[in-house]
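> Return atomic coordinates for the entry below.
(2 chains)
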There are 2 protein chains.
Amino acid sequence: MPVIEAIPNISEGRRTEVVDAIAAAVAAVPGVRLLDRSSDASHNRTVLTLAGEGEALHAAALVLYDKAIAAIDLRSHAGEHPRLGAVDVLPFVPLEGATMADCVALARAVAADVAARHAVPVYLYEEAAAEPTRRNLEDIRRGEFEGLASKMASPGWTPDFGPASPHKTAGATVIGARMPLIAYNINLATDRLDVARRVAAAVRHSSGGLRYVKAMGVMLEDRRVAQVSMNLTNYEKTPMPRVFEFVKREAARYGVGVLESEIVGLVPQAALLAAAEYFLQIEGFKSDLVLENRLRSRP
Amino acid sequence: MPVIEAIPNISEGRRTEVVDAIAAAVAAVPGVRLLDRSSDASHNRTVLTLAGEGEALHAAALVLYDKAIAAIDLRSHAGEHPRLGAVDVLPFVPLEGATMADCVALARAVAADVAARHAVPVYLYEEAAAEPTRRNLEDIRRGEFEGLASKMASPGWTPDFGPASPHKTAGATVIGARMPLIAYNINLATDRLDVARRVAAAVRHSSGGLRYVKAMGVMLEDRRVAQVSMNLTNYEKTPMPRVFEFVKREAARYGVGVLESEIVGLVPQAALLAAAEYFLQIEGFKSDLVLENRLRSRP
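You can find the predicted model right below:
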């Protein structure tokens, strides 16, 4: 049975009772697993990770919008993270046995239902985008909730579903389909933030680096460690081991080594198996060489 | 539910109909999966890989001995691989949720049943061994079927179960419990067999190398590639990435690089995840960072 992941980002990271109620409601939908839950008070934002089959996730998404729109008023929301809606963004991601086409179809079906049920404008993004200008989440979200009414009135920003103006309290929402995203940080053996920033600039796509890497240099103040903080948006085409070697090589230009790396949240098995395959130079590698995978395949 | 693997090695690799019948009989036991099957005509030997819970594997093991002892006569068996019985060796290996203690208990229970049912002498080996001198399979098997009667008559070789002399056609059998074994080969970018042999001597335990590595240098004649052919007998204590780096470093002493490596048969997920963790220097790695593992854990 094809498994899909849904990662709703909701604009509430401070009122624990509100987040608890939303998380409990989606987790109670039959066939849905709540794999992870992470709230950030300074961002005032919560990220839930759900998994299940398409139909179960569709039901869970509707429950999520019901609860979040009832509880969250963007007019009084403040936080560091950019946002334009109560449910800010909801990506669907293909896992075992599911295809990107499954996720695109699910995103569109949920988008239509949410728009009809709550009169909330919905933009489709990434692989579910109807036009290339809407693939990138940052482009859709630019201007945020506060700039939404004027943005929606400007040419080219009619939503894919729902009314042509913002919902008074819930703003708009962005629904789509994408590859699994890996939050991957590499800590450098230095306290020089400038080195982390130069390495980040070298590795990220936007300034000339690898196609599916977003990166910035940050300082872990408590440890005095400079970090290259990254999002890998397609680990199949830009694999983790290549990113690691790239960062290591660039840091070496400044006489700096790699202290360690860290994965934030969850990572698909295939991304780590690809690292083993890369470094061990395994010829003819297939995921069903893995005993546990063979055990789980159909007899 | 704890899953155990059983890897019976039977002394028949030429008569396909005999091997087919044995494989079909064990695969038909409810709760047992036949994961892999590999026969070698020059070794005249077949290795089956089964998985299931302890009770199901116990039943499958008895079926296997019934069929193999009825069909195989060691008096007329010839092949390159050393052997002392119709079912030469049967190790049990802990997989998901199972412990080594589970496998030791299973090995002893099967050994008692096989000895009683067929009047075949049984030696326990590796983690199931009753005494340290019987841990090593090679020590038990030395002298093979042809030398078995005199070996069993000599001091210290009374079997753990069954009669004190060989079964006329089935010889003896060795049953035990061990860690998963990884058959791992590293191909060198050279046709110099002497380099592969020197590297193998450096890396293997028996001549001063790493504790859980068996190794030999061989020549892949068709490709003119020298290979370090290894068995890793405890990937937790002597991990694959360390073995790879060791071999790479030793080969470099002769100006030789690593062409590629290969895994023969199946490999536990944890062994490959450990390679990703090692090379990517992942801090605080745990297997439940892997999305699929989280998905399969109990809610």
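
> Next, count neighbours for A:Val26.
Applying other CB atoms under 10 Å in any protein chain shown, we find 23 residues neighbouring A:Val26. The C-beta positions use only the backbone N, C-alpha and C, and glycine is treated the same way.

> The strand or helix carrying it: which residues count as buried?
Using DSSP states H and E, A:Val26 sits within helix A:16-27. Going by neighbour count (16 or more other CB atoms under 10 Å in any protein chain shown), the buried part of helix A:16-27 is A:Val18, A:Val19, A:Ile22, A:Ala23, A:Val26, A:Ala27.

> Quickly check: that helix near chain B or not.
No. Residues of helix A:16-27 contacting chain B under CB under 8 Å from any CB of the partner chain: none, with a closest distance of 8.7 Å.

> does whichever helix or strand comes after that helix come close to chain B?
The first helix or strand that comes after helix A:16-27 along the chain, using DSSP H and E, is strand A:33-40. Yes. Under the criterion of CB under 8 Å from any CB, chain B is reached by strand A:33-40 at A:Arg33, A:Leu35, A:Asp36.

> Mind giving me the packing neighbours of the helix holding A:Val26?
strand A:33-40, strand A:45-52, helix A:54-71 (3 or more CB pairs under 8 Å, 6 or more residues apart in numbering or on different chains; DSSP states H and E).

> just to revisit the earlier point, pipe the residues of strand A:33-40 next to chain B into CSV and attach pLDDT, distance to A:Ala109 and neighbour count per row.
Below are those laid out as CSV (pLDDT from 0 to 100; distance: CB to CB, whole Å; neighbours: other CB atoms under 10 Å in any protein chain shown):
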residue, pLDDT, distance to A:Ala109, neighbour count
A:Arg33, 94, 20, 20
A:Leu35, 91, 22, 21
A:Asp36, 89, 24, 15
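
> how about the residues of the stretch 151-299 of chain A near chain B?
A:180, A:187, A:240-241, A:244, A:258-263, A:266-269, A:272-273, A:275-285, A:289-295, A:299.

> Let me know whether A:Arg198 touches A:Glu250 as I believe.
Yes. With contact defined as CB atoms under 8 Å, A:Arg198 reaches A:Glu250; the gap is 7.4 Å.

> In contact with A:Leu74, which residues are there?
A:Ser11, A:Arg83, A:Leu84, A:Gly85, A:Ala86, A:Phe145, A:Thr169, A:Ala170, A:Gly171 (CB atoms under 8 Å, 6 or more residues apart in numbering or on different chains).

> out of these, who's nearest B:Ala107?
Nearest to B:Ala107 among those: A:Ser11, at 57.5 Å, using CB to CB.

> and the gap between the residue nearest to the closest one when sequence neighbours are not counted and chain B?
Leaving aside its sequence neighbours, A:Ser11 sits nearest to A:Arg83 (CB to CB, 6 or more residues apart in numbering or on different chains; 4.8 Å). Using CB to the nearest CB, to the nearest Å, A:Arg83 is found at 25 Å from chain B.

> A:Arg83: neighbour count?
Residues lying near A:Arg83 (other CB under 10 Å) number 23.

> following the helix or strand hosting A:Phe92, which helix or strand comes up?
Using DSSP H and E, A:Phe92 falls within strand A:87-94. Going down the chain from strand A:87-94, the next helix or strand is helix A:100-118, by DSSP H and E.

> Quick check: what element follows that next one along the chain?
With elements assigned by DSSP H and E, the helix or strand that comes after helix A:100-118 is strand A:122-126.

> Check which residues of the following helix or strand past that next one are buried.
Next helix or strand after strand A:122-126 toward the C-terminus (DSSP H and E): helix A:137-141. Buried residues in helix A:137-141, defined by neighbour count with 16+ other CB under 10 Å: A:Leu137, A:Ile140, A:Arg141.

> Can you lay out those residues as a markdown table showing pLDDT and distance to chain B?
As requested, the buried residues of helix A:137-141 are exported to a markdown table (pLDDT from 0 to 100; distance: CB to the nearest CB, whole Å):
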| residue | pLDDT | distance to chain B |
| --- | --- | --- |
| A:Leu137 | 92 | 21 |
| A:Ile140 | 96 | 26 |
| A:Arg141 | 96 | 26 |
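
> Please identify which of the residues you listed is nearest to A:Tyr235.
The shortest approach to A:Tyr235 among the buried residues of helix A:137-141 belongs to A:Leu137, at 18.1 Å (CB to CB).

> Contact partners for that closest one?
Applying CB under 8 Å, 6+ apart, the residues near A:Leu137 are A:Val89, A:Tyr125, A:Glu126, A:Val174, A:Gly176.

> hmm, back to that, with pLDDT and secondary structure added, can I get the contacts of A:Leu74 in JSON lines?
Formatted as JSON lines, the contacts of A:Leu74 follow (pLDDT from 0 to 100; DSSP: H, G, I helix; E, B strand; the rest coil):
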{"residue": "A:Ser11", "pLDDT": "97", "secondary structure": "coil"}
{"residue": "A:Arg83", "pLDDT": "95", "secondary structure": "coil"}
{"residue": "A:Leu84", "pLDDT": "96", "secondary structure": "coil"}
{"residue": "A:Gly85", "pLDDT": "97", "secondary structure": "strand"}
{"residue": "A:Ala86", "pLDDT": "98", "secondary structure": "coil"}
{"residue": "A:Phe145", "pLDDT": "97", "secondary structure": "helix"}
{"residue": "A:Thr169", "pLDDT": "98", "secondary structure": "coil"}
{"residue": "A:Ala170", "pLDDT": "98", "secondary structure": "coil"}
{"residue": "A:Gly171", "pLDDT": "98", "secondary structure": "strand"}
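
> so which of these is the most crowded?
A:Gly85 (32 neighbours).

> Residues in a beta bridge with A:Leu90, which ones?
A:Ile175 (DSSP bridges).

> Verify the contact between it and A:Pro8 for me.
Yes. With contact defined as CB under 8 Å, A:Leu90 reaches A:Pro8; the gap is 4.8 Å.

> any common contacting residues for those two?
A:Ala61, A:Leu64.

> Between these two, which is the more surrounded one?
The neighbour comparison of A:Leu90 against A:Pro8 (other CB under 10 Å) goes to A:Leu90, with 27 against 23.

> Count the residues that sit near A:Tyr206.
Small correction: residue A:206 is Ser, not Tyr. 9.

> May I have the secondary structure class of it?
helix (DSSP: H, G, I helix; E, B strand; the rest coil).

> isn't it right up against A:Val213?
No. With contacts counted by CB under 8 Å, A:Ser206 stays clear of A:Val213, the gap being 9.1 Å.

> quick one on the thing from earlier: which residues touch the residue nearest to A:Ser11?
Counted by CB under 8 Å, 6+ apart, A:Arg83 has contacts A:Asn9, A:Ser11, A:Arg45, A:Leu74, A:His77, A:Arg141, A:Glu144, A:Phe145, A:Gly171.

> swap in A:Leu273?
A:Phe285, A:Ser287, A:Val290, B:Leu272, B:Leu273, B:Ala276 are the contacts of A:Leu273 under CB under 8 Å, 6+ apart.

> Since that was my last question, I'll sign off now.
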